[in-house]
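> Kindly return the folded structure for what I paste below:
(2 chains)
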Amino acid sequence: MKNHIAESRRSAGWSQEDLASLLSVSRQTVIALERGKYNPSLPLAFRLARVFGTTIEELFHDEGAGSNGSDPTPSSE
Amino acid sequence: MKKQIAGILVAGIAAMAALLAWANAAGPTEELLARVLLAVLIVGLLISMQLVKRAHHNRTLAHSEGSVERDLALRAQSAAYIDALVIMVLALAAIAVSGASSFALVVIVSAIVLLILSFWVRYQLEKRQVLTGAGDEESHS
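Next up, the predicted model:
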């Protein structure tokens, strides 16, 4: 799942550690999120959206949504 | 964290060696006391290592809700569960066939080591898959 976390973080002027601290997660989590290697839990996705003052839909976009609709399997890439 | 755990292990092994030396010197009269002390020492070592690990995780937020490490640990635990079943069945079969109590002890210790290794290897593989090449873009602002 693609996301705009890295861009949003940079435009907010935060380091990965700052964002990790705001989200109450480890810095490794922020790194994995930005690289698209880790899909966050729903509570974490809401926390991300709240921190950046945006919505989950604006922060994340499902690559498979255009091709065959929804993908019910949890992605672990 | 690794240094602290290594320190605890070294101290524990030294204490065990001292305890065994004392038990040998004391003779069979103190054998039961030596065994109990050894068991207490081993349990104490495990608890100490767990406390150090937990403090590290609390400090780095590695096991907080939503952290990738927690997710990876859960996945590794799920995979290691199947390994645990296989290892325990094989260990039980080995003990049933041999019947020797000293051999059973070796088998049980080996099984525990294998269980820990199984989780650790799976966790490291998952971690490498997710975090490989994760650059230290900005460590701090």
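
> immediately after the helix or strand harbouring B:L37, which helix or strand?
Assigned by DSSP states H and E, B:L37 belongs to helix B:31-60. Sequence-wise, the next helix or strand downstream of helix B:31-60 (DSSP H and E) is helix B:68-98.

> Between helix B:31-60 and that following helix, find me the angle.
With axes from the mean of the first three to the mean of the last three Cα atoms, to 10 degrees applied, the angle from helix B:68-98 to helix B:31-60 works out at 160 degrees.

> Now do the helix or strand just after helix B:68-98: which elements does it pack against?
Using DSSP H and E, the helix or strand that follows helix B:68-98 in sequence is helix B:101-131. Here helix B:101-131 touches helix A:27-34, helix B:68-98, going by 3 or more Cβ pairs under 8 Å, 6 or more residues apart in numbering or on different chains; DSSP states H and E. Heads up, the C-betas are built off the backbone N, CA and C, glycines and all.

> what packs against the next helix or strand after the first one?
With elements assigned by DSSP H and E, the helix or strand that comes after helix A:27-34 is helix A:42-52. Taking 3+ Cβ pairs under 8 Å, 6+ apart as the contact definition, the neighbouring helices and strands of helix A:42-52 are helix A:5-12, helix A:16-23, helix A:56-59.

> Can you give the contact residues for helix A:42-52?
Here helix A:42-52 makes contact (Cβ atoms under 8 Å, 6 or more residues apart in numbering or on different chains) with A:5, A:8, A:12, A:19, A:22-25, A:33, A:40, A:55-56, A:58-60, B:65-66.

> domain parsing for chain B?
B:1-60, B:65-132 (automatic domain parsing).

> Can you tell me which of these is most buried?
domain B:65-132 (a mean of 15; mean count of other Cβ atoms under 10 Å in any protein chain shown).

> Which residue does chain B have closest to chain A?
Closest residue of chain B to chain A, Cβ to the nearest Cβ: B:G66 (3.4 Å).

> which non-adjacent residue is nearest that residue?
A:L44 (3.4 Å; Cβ to Cβ, 6 or more residues apart in numbering or on different chains).

> Can you name the residue of chain A nearest chain B?
A:L44 (3.4 Å).

> For that residue, grab the count of nearby residues.
Using other Cβ atoms under 10 Å in any protein chain shown, A:L44 is surrounded by 21 other residues.

> Could you tell me how far it is located from B:A94?
The gap separating A:L44 from B:A94 is 45 Å, by Cβ to Cβ, to the nearest Å.

> again with A:D62
Counting by Cβ to Cβ - A:D62 and B:A94 are separated by 50 Å.

> mind putting the helices and strands packed on helix B:101-131 in JSON lines, distance to B:K127 included?
Shown next, in JSON lines, are the helices and strands packed on helix B:101-131 (distance: least, Cβ to Cβ, whole Å):
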{"stretch": "helix A:27-34", "distance to B:K127": "8"}
{"stretch": "helix B:68-98", "distance to B:K127": "6"}
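
> Sweet, I'm off.
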